[in-house]
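K.L.:
Turn this into a model:
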Amino acid sequence: MLPVALGPLLLVILRVASRRMSILAAGCIGWVAALAAAAVLRGGTSAFPAWAAIESLKGACLAWQAVAVILAGLFFYRVLRRHEAHLFQADGPPEAVSRGRIWAVCFLLGPFAESATGFGVGAVVAMAALMRMGLKGPGAAVLALYSQMLVPWGGLAVGTIIGAHLAGESDMALGLASAVLTVPLLAGYLALYWVFAGRLTGPVPLVQRVEDTLWTALLAGALWLANSHVATELGGVVAPGALLVLHFVLSRRPDRTVLRQAITSALPFAILAALLIATRSIPPVTQVLRGTLVLAPFADQPSFPVFYNPSFWLMLVGLGVMATTGRLGELPARLRETWIGGSRGAGDDRVRRHGPGPGRRRCCPAGGRRPARWARARRTAGRPAVRRGRRLPDRQQCRLERHDDGGAGRPRRRAGRLDRRAAERHRQQFHPALADPRRHGGGADRRQQCRCRDLQARLADRDHVAGGSVDRGGGLDPAGRATSVTSGKAPPCPGPC
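P.N.:
Numbering: from 1, shown residues only. Predicted coordinates:
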């Protein structure tokens, strides 16, 4: 019966790994599969529906402990991406290559950002910092993944806290055990770091290796101190953050201008860390926050104190940043980006559009998944043959694709027939260059003409194009060029489409 019990977990892993389904949809499928597996293992009795409903609610309450922190961290990241965009962009001001700075990015900056926000944000910050130093390619990507090495404290240690509850241990005990277990892992990470960094910047000298070893030992000690004297949630924020400030001051010796810029960029993180430390270190404040607005629907599940949970402070600091920069009007947009990013997947900021596949008749919404295989356009009779599944350039082309004939002379019955008047209205509304040939010289109009070639060819066939002239309306001559509505002359083609 072990395969039946592991089936839902493997199903979710495969669906997420295929990148053809959002995380939210994969989770719903896993929930349905878990109910089916439970029905098989427990037997289909009359009490099973009530038991399944109660256990599903308990699972949702337990999952909310992590979902709340993840969504709040994504919101905090989206706000900072607008407020301090240079932290997340590789095209910022270039920086000199320094082996000490590379170590700080891999072992301090990336883990700090990942612990404060989670969801792969640390890798984005680390990769941008490495690319500003001129490091690119697979080697830089491997170094950026060092931001994920403090796994027990990622996303404000939500996994460690939930694991401690499930194991019946205290948060601090599990945090200290994780800190002790991380010491040999840091040693192994450092040895591999010298190999990867050496491939990008040349062999790492002995003096630099000694310096990296000392800083890594300080990181291990700071992790233990933070977990034993502050809080488990702040172990990955306090330890790398404090060492990051110390390393920045000692290695760069910044002047007032550079120091002011660094303080401005780090101020939201510093405020967040200070608020979280205060709520965990001051006993009266901790008692008040833990006893106010506590959600505890089940006695055997962890409670959710709203004002004590890190998600509340992440949202509060994010809203404060928006208020100080005068961007509170962008709150709906930031919330929408947070929900889309959380349900779709980490680091997926691209907007994908593709043409109508099997069974798709309308324009695909922003963020739709691209097909597994792309069919390349083949040129037949001087014009490209658009096949289903090919990625199309924009939403207008997606509208146009509903009316074409597939590009190979095969009628698409499901799309319906398009009469000449509707096609003319379509051209005038979306493709004015084809409705008025005098506007043929612009670059945007040329692109529109190239995109409309399939539609124009079909209309020309219906209007009986012969010898480069048309009987009614505009079309294409035998060479595939657009003809005038009145004169029938073909302007020169701007080039191959």
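K.L.:
Could you report the pLDDT at the residue nearest to residue 94 when sequence neighbours are not counted?
P.N.:
Nearest non-adjacent residue to residue 94, counting by Cβ to Cβ, 6 or more residues apart in numbering: residue 132, 5.9 Å away. From N, CA and C alone the C-beta is placed, and that goes for glycine too. pLDDT for residue 132: 89.
K.L.:
what's the burial count for residue 132?
P.N.:
For residue 132, the neighbour count with other Cβ atoms under 10 Å is 19.
K.L.:
Return the residues in contact with it.
P.N.:
90, 92, 93, 94, 95 (Cβ atoms under 8 Å, 6 or more residues apart in numbering).
K.L.:
quick one: which of these is nearest to residue 274?
P.N.:
residue 92 (26.7 Å; Cβ to Cβ).
K.L.:
Filter the contacts of residue 132 down to the buried ones.
P.N.:
With neighbours counted by 16 or more other Cβ atoms under 10 Å, the contacts of residue 132 contain buried members at residue 90.
K.L.:
Make JSON lines out of the contacts of residue 132 and add secondary structure and distance to residue 222.
P.N.:
Shown next, in JSON lines, are these (DSSP: H, G, I helix; E, B strand; the rest coil; distance: Cβ to Cβ, whole Å):
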{"residue": "90", "secondary structure": "coil", "distance to residue 222": "29"}
{"residue": "92", "secondary structure": "coil", "distance to residue 222": "29"}
{"residue": "93", "secondary structure": "coil", "distance to residue 222": "30"}
{"residue": "94", "secondary structure": "coil", "distance to residue 222": "31"}
{"residue": "95", "secondary structure": "coil", "distance to residue 222": "25"}
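K.L.:
now the contacts of residue 132 in JSON lines, with pLDDT?
P.N.:
Listed next are those as JSON lines, based on pLDDT from 0 to 100:
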{"residue": "90", "pLDDT": "75"}
{"residue": "92", "pLDDT": "69"}
{"residue": "93", "pLDDT": "73"}
{"residue": "94", "pLDDT": "79"}
{"residue": "95", "pLDDT": "81"}
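K.L.:
Let's test this: mean pLDDT of the lengthiest helix in the chain, rounded?
P.N.:
Longest helix of the chain, by residue count under DSSP state H: helix 48-83. Regarding helix 48-83, the rounded mean pLDDT is 90.
K.L.:
after it, next one along is what?
P.N.:
helix 99-104 (DSSP states H and E).
K.L.:
what does that next one rub up against?
P.N.:
95, 130, 133, 135, 143, 193, 197, 201, 204, 208, 211-212, 215, 244, 247-248, 251-252.
K.L.:
List the buried residues of it.
P.N.:
99, 101, 102, 103, 104.
K.L.:
rounded to a whole number, what's the mean pLDDT of that helix?
P.N.:
Helix 99-104 comes out at a mean pLDDT of 93.
K.L.:
List the contacts of the helix or strand just after it.
P.N.:
Sequence order places helix 110-116 as the next helix or strand after helix 99-104, per DSSP H and E. With Cβ under 8 Å, 6+ apart as the test, helix 110-116 has contacts from 73, 76, 120-123, 125-126, 144, 146-150, 153-157, 235-237, 240-241, 244, 269, 272-273.
K.L.:
Can you pull the domain assignment for this structure?
P.N.:
2-44, 69-344, 378-457 (automatic domain parsing).
K.L.:
Serialize those domains to JSON lines and add fields for distance to residue 57.
P.N.:
Formatted as JSON lines, these follow (distance: least, Cβ to Cβ, whole Å):
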{"stretch": "domain 2-44", "distance to residue 57": "12"}
{"stretch": "domain 69-344", "distance to residue 57": "7"}
{"stretch": "domain 378-457", "distance to residue 57": "41"}
